[in-house]
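> Using only what follows, build the 3D model:
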Amino acid sequence: MKEFPLSVAIAVLIRDNKILLIKRTRGDYVGLFGLPGGKIEKDEHFSEAAVREISEESGIESEFEDYCGLVSEHLIENEIIAQHFLLHICRLFPKTINISNSSEGESKWFDLEYIIKIKNKIIPSDFLMIEKMILSKEKYYYECVINHILKKFE
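Residues are numbered from 1 along each chain as shown. From the prediction side, this is the model:
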């Protein structure tokens, strides 16, 4: 049976020049902050999945605002592609800002002007998504290769 890429909705919430990040407590990158998100269910559009995921992970109610782009991400293990993700980066408007943390991790608002100062505490590919797709608005499609460390993001 052929394996297909896993489609994932990534939520970008910005309010008062602050971005919401979640500190991972399970899976890859435990202990690092990243953009919240999760897999797109069979009956959902990516915009709906992003809104659902942010509600589940942080308790914040939001609405879809914009599609920022796509990242095609390969995770390499033992020189083969172990996982292929299609990351749909969605900008959401937060209708509430109070956080209620979940089993996925602790969510926190970070000032965008100082995000570079905590770069080493953010998942490398997520930092590049923030830098290139949100702050710089450079382009709408990237290919990312991770082989235990970030090898490519262009």
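> quick one: the residue nearest to the spatial centre of the chain and K42, what's the gap?
In the chain, the C-alpha nearest the mean C-alpha coordinate belongs to L35, at 3.4 Å (CA atoms, centre = their mean). Separation of L35 from K42 (CB to CB, to the nearest Å): 23 Å. Placement of C-beta: from N, CA and C, glycine included.
> now swap in I130 and tell me
Distance, I130 to K42, by CB to CB: 29 Å.
> Between those two, point out the one with more neighbours.
More crowded of I130 and K42, by other CB atoms under 10 Å: I130, with 24 against 5.
> A helix includes A49, no?
Yes: applying DSSP: H, G, I helix; E, B strand; the rest coil, one finds A49 inside a helix.
> The closest residue to it other than its chain neighbours: neighbour count?
Spatial nearest neighbour of A49, excluding adjacent residues (CB to CB, 6 or more residues apart in numbering): A9 at 3.7 Å. Residues near A9, counting by other CB under 10 Å, number 28.
> which SS class is A9?
strand.
> Quick one: residues contacting it.
37-40, 44, 46-47, 49-50, 53, 88, 90 (CB atoms under 8 Å, 6 or more residues apart in numbering).
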